[in-house]
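Chemist: Based on what follows, work out the 3D shape:
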Amino acid sequence: MLSSISAYVERYTKLINTVTNINVEVADINLVRIAGTGMYAQGVGQSIKQEGQVYRHVLKNKEAIIMLNPRENEICLGCSNRKNCKETLSLSTPIKHNNKVLGVISIICFTQEERERILEKIEVYKAFVEQMANAVSFAVTEKQHTKQTEHLLDTFLKITDTDNRGILTTNTQGMITYLNNTAKKSLNITEQTQLKDITIKKTGVTLSGMEEFEINVDGRILVMLGHLSQLNSEDDTFNSALVFDSLPAYRKQLSQIVFNKETSNLDSIIGESRKILELKQRVINIAPTLSTVLITGESGTGKEMFARAIHAESDRSDKPFVAINCGAIPDNLLESELFGYVGGAFTGASVSGHMGKFEMAHQGVLFLDEIGAMPIYLQVKLLRFLQDRTITRLGSNRIIKIDVRIIAATNDLLQELISQRMFREDLYYRLNVIPLKIPPLRERIEDISALANFFLEKYCILFSKKLVRPTLRMLDVLQKYTWPGNVREFENIMEYLVNIIPNGGSATVSMLPTKILNAVALSENNKNVQNNMPTQSTKDSETEKIQQETILPLVELEKNAIQNALKKYKDSPDSKILAAQALGIGIATLYRKIKSYNLE
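Modeler: So this is what the prediction gives:
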């Protein structure tokens with residue numbers, strides 16, 4: 001009996017799938033698939049008796065069933081497809097007519113996200129599927145009931161308002177027949193708006209898998225991204241459905257998905273040294289404006305953290321912060337990453353198109369790291385944007401107005417690149433409106449203690465270890481090291497210490513990597529040599545002493561020096577480390593010589 005209205009059933013399964021993005025299946029009393037979407041669409045007309053255990057249960061008991069645990073439920077034990085079943089949830093309802101069961105209608109989830117979405121409104125979805133079953137039942141005797149189906153669609157479109165997606169339907173003439181509340185809001189539809197005068201036009205552009213549409217409402221051209229589905233309805237009222245997002249809403253959604261990183265504000269920048277406090281105050285001063293900022297400093301000084309702090313302290317803090325490393329992306333791909341492209345814009349381009357970082361950062365901040373690596377031809381496009389605040393996607397001639405603040409960063413000397421004709425001087429001045437120089441760690445050693453405690457605590461929490469604190473002697477050694485890798489290298493050393501320190505221990509000098517100990521020892525030794533350089537008068541007296549003294553073999557001199565160093569530092573917990581530093585040798589060398597001279 002259901003087969004006689006298969007076109008009607010197919011139409012509404014498609015409609016449910018379009019607005020929910022969840023698969024739907026309908027089977028008759030003989031467990032023959034009457035209609036289906038997604039993976040079920042190709043199997044219409046086929047028997048599903050072997051895998052139809054749940055439907056068989058519904059038909060027998062004449063009541064709906066929500067299958068929360070497919071494969072594990074006892075109903076599924078006899079299913080031949082049990083081991084290969086990918087379902088995460090199903091909601092199945094009998095289709096009844098005059099107290100007789102005609103078939104089953106079911107919505108089926110295959111992902112955890114779909115499952116959670118249904119469970120959040122399980123009663124609403126259950127009621128809706130029951131209404132769909134009733135509508136199918138009613139259509140058995142009355143094949144065309146437009147008022148009832150309109151009411152049904154109205155009910156479901158109101159449910160979908162919470163999804164923040166615009167949904168509209170059109171008739172065979174392309175006229176809008178229905179809009180949900182989100183669509184009305186996105187298009188600014190009022191009571192005075194004549195739906196018959198609204199036109200929808202495909203631009204032919206695809207972007208990130210979405211089709212682009214221009215919707216003319218009262219002379220206003222609104223750009224939307226979405227999917228248009230043909231319902232192939234015999235009813236003129238509902239011929240197609242458009243599910244869409246406005247372009248700004250899609251930009252915001254995409255930037256949140258792709259660039260949802262931890263926000264850094266001024267409190268995230270550790271340090272109370274004079275230089276850091278001055279920088280923090282400057283960030284507060286420059287944050288509210290749109291002026292471009294050029295952040296300079298050695299690698300590892302935290303340039304991106306300061307860029308994020310500017311964003312966090314500004315009026316754009318609730319808008320996207322999009323970062324891109326110009327030196328990490330090949331030249332031939334950097335242009336499309338920044339400006340985006342439409343489907344088929346160039347050989348190898350995705351047919352679905354791609355939204356660029358400029359659009360993703362709309363109304364927020366775009367951080368261009370390693371700006372010195374940007375090729376000259378792209379520097380010209382960046383300069384043009386800074387002049388007129390517009391971009392054009394690759395493969396398109398539509399000019400797009402973008403509101404974004406540019407913050408650039410470099411560890412290169414841009415003036416040298418300018419002299420070598422590798423960086424445009426006019427772009428440099430455009431970017432360097434507000435210069436911000438980040439000092440290397442060796443120039444703010446007052447912050448070493450705070451940084452050490454911060455990173456040690458961070459990794460102790462991360463690795464579920466008891467809190468570790470550095471000794472004063474270790475802090476002294478850390479302050480004497482030059483830190484060529486700056487804060488990034490410092491953080492790595494603290495992470496290393498937390499890994500090797502026994503739970504509940506202290507961070508001592510002996511635990512530091514040999515590279516750091518040797519570098520500090522060499523530096524201290526050089527200082528001692530310079531401080532002890534003799535004057536001419538002392539040279540003469542020293543010459544007399546040398547002539548009078550007995551010359552000892554080098555082996556004896558070395559042995560005596562080691563003995564003296566060990567005696568001097570014998571009361572220190574780090575005696576061997578200190579002795580090695582004083583002698584200017586590595587700790588491993590010291591142990592080897594102690595054994596050689598039998599000094600233990």
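Chemist: what sits against the closest residue to Q563 other than its chain neighbours?
Modeler: Computed as C-beta to C-beta, 6 or more residues apart in numbering, the closest residue to Q563 that is not its neighbour in sequence is L599, at 6.2 Å. To be clear about C-beta, it is placed using only N, CA and C from the backbone, and glycine gets the same treatment. Contacts for L599 were tallied using C-beta atoms under 8 Å, 6 or more residues apart in numbering; they are K559, I562, Q563, L566, K593.
Chemist: among those, which ones are buried?
Modeler: K559, I562, L566, K593 (16 or more other C-beta atoms under 10 Å).
Chemist: unless I'm mixing things up, L366 is touching R405, no?
Modeler: Yes: in this structure, L366 is within contact of R405 by C-beta atoms under 8 Å, at 7.2 Å.
Chemist: So between these two, which is more surrounded?
Modeler: L366 (26 against 22; other C-beta atoms under 10 Å).
Chemist: from the buried ones among the contacts of L599, which is closest to Y40?
Modeler: Checking the buried ones among the contacts of L599 against Y40 by C-beta to C-beta gives K593 as the nearest, at 79.6 Å.
Chemist: any idea how far K515 is from that closest one?
Modeler: 21 Å (C-beta to C-beta, to the nearest Å).
Chemist: can you check I118 too?
Modeler: 57 Å.
Chemist: who's more crowded, these two?
Modeler: I118 (22 against 10).
Chemist: If we only consider the buried ones among the contacts of L599, which is nearest to V19?
Modeler: Closest to V19, out of all of those and judged by C-beta to C-beta, is K593, at 80.7 Å.
Chemist: doesn't N560 make contact with that closest one?
Modeler: No: K593 is beyond contact range of N560, at 12.0 Å (criterion: C-beta under 8 Å).
Chemist: Using JSON lines, lay out the buried ones among the contacts of L599 together with pLDDT, secondary structure and distance to G36.
Modeler: What follows is the buried ones among the contacts of L599, written out as JSON lines (pLDDT from 0 to 100; DSSP: H, G, I helix; E, B strand; the rest coil; distance: C-beta to C-beta, whole Å):
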{"residue": "K559", "pLDDT": "84", "secondary structure": "helix", "distance to G36": "90"}
{"residue": "I562", "pLDDT": "86", "secondary structure": "helix", "distance to G36": "85"}
{"residue": "L566", "pLDDT": "85", "secondary structure": "helix", "distance to G36": "85"}
{"residue": "K593", "pLDDT": "84", "secondary structure": "helix", "distance to G36": "82"}
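Chemist: with those in mind, which one is nearest to M422?
Modeler: K593 (52.2 Å).
Chemist: And for the closest one, nearest residue in space, chain neighbours not counted?
Modeler: In space, K593 is closest to I562, 5.9 Å off (C-beta to C-beta, 6+ apart).
Chemist: Could you do T301 as well?
Modeler: Nearest to T301 is I438, by C-beta to C-beta, 6+ apart, at 4.2 Å.
Chemist: how many neighbours does the one you found have?
Modeler: 25.
Chemist: any idea how far G297 is from it?
Modeler: Applying C-beta to C-beta to I438 and G297 gives a distance of 3 Å.
Chemist: Need the overlap of contacts for the two.
Modeler: Contacts common to I438 and G297, judged by C-beta under 8 Å, 6+ apart, are K303.
Chemist: where does the stretch 451-600 of the chain have low pLDDT?
Modeler: 526-552 (pLDDT under 70).
Chemist: hmm, try it at 80
Modeler: 503-505, 523-557, 571-574, 581-582, 584, 586-588, 600 (pLDDT under 80).
Chemist: if you skip the residues just before and after it, what's nearest to D403?
Modeler: The nearest residue in space to D403 (C-beta to C-beta, 6+ apart) is Q363, at 5.2 Å.
Chemist: Verify the stated contact: that neighbour with R316.
Modeler: Yes: taking contacts as C-beta under 8 Å, Q363 lies within contact range of R316: 6.7 Å.
Chemist: the more surrounded of those two?
Modeler: R316 (21 against 17).
Chemist: if we look at stretch 512-526, which residues are touching it?
Modeler: 474, 477-478, 480-482, 493, 496-497, 509, 577, 580-581, 584-588.
Chemist: again, but for stretch 373-390
Modeler: Residues contacting stretch 373-390 (C-beta under 8 Å, 6+ apart): 292, 326-327, 331, 334-335, 338-339, 358, 368, 391, 399-403, 406, 412, 422-424, 426-427, 430-431.
Chemist: ok, longest helix in this structure?
Modeler: helix 122-141 (DSSP state H).
Chemist: any idea how far F244 is from T169?
Modeler: From T169 to F244 the distance is 12 Å (C-beta to C-beta).
Chemist: And D403, by the same measure?
Modeler: Distance of D403 to F244, given as C-beta to C-beta: 22 Å.
Chemist: more neighbours, the two?
Modeler: Taking other C-beta under 10 Å, D403 and F244 do not tie; F244 has more neighbours (27 against 12).
Chemist: helix or strand for the more buried one, which one?
Modeler: Here F244, judged by DSSP states H and E, is contained in strand 240-246.
Chemist: buried residues in that strand?
Modeler: For strand 240-246, a neighbour-count test (16+ other C-beta under 10 Å) marks S240, A241, L242, V243, F244, D245, S246 as buried.
Chemist: again, but for stretch 277-289
Modeler: For stretch 277-289, by 16+ other C-beta under 10 Å, it's L279, K280, R282, V283, I286, A287.
Chemist: cool, stretch 19-35 as well?
Modeler: Quick answer for stretch 19-35 (16+ other C-beta under 10 Å): 19-29, 31-35.
Chemist: Quick one: low-confidence residue ranges for the stretch 151-300 of the chain.
Modeler: Looking at the stretch 151-300 of the chain by pLDDT under 80, you get 151-165, 203-210, 229-239, 245-264.
Chemist: the helices in it, which residues?
Modeler: For the stretch 151-300 of the chain, the helices defined by DSSP state H, counting those that start in this stretch occupy 181-187, 247-258, 274-286.
Chemist: Which strands or helices does the shortest one pack on?
Modeler: Spelled out, it's helix 181-187. Contacts defined by 3 or more C-beta pairs under 8 Å, 6 or more residues apart in numbering; DSSP states H and E place helix 181-187 against strand 166-170, strand 220-230, strand 240-246.
Chemist: Swap in 10 Å and give it another go.
Modeler: Applying 3 or more C-beta pairs under 10 Å, 6 or more residues apart in numbering; DSSP states H and E, we find helix 181-187 packed against helix 146-159, strand 166-170, strand 176-179, strand 210-217, strand 220-230, strand 240-246, helix 247-258.
Chemist: Over to V24. Which of the three states is it?
Modeler: Three-state assignment for V24 (DSSP: H, G, I helix; E, B strand; the rest coil): strand.
Chemist: is it true that it touches V129?
Modeler: Yes: V24 lies in contact with V129 (C-beta atoms under 10 Å); the separation is 8.9 Å.
Chemist: any shared contact partners between T169 and F244?
Modeler: Common neighbours of T169 and F244, using C-beta atoms under 10 Å, 6 or more residues apart in numbering, are A183.
Chemist: burial of T508, as a residue count?
Modeler: Using other C-beta under 10 Å: T508 sits among 17 other residues.
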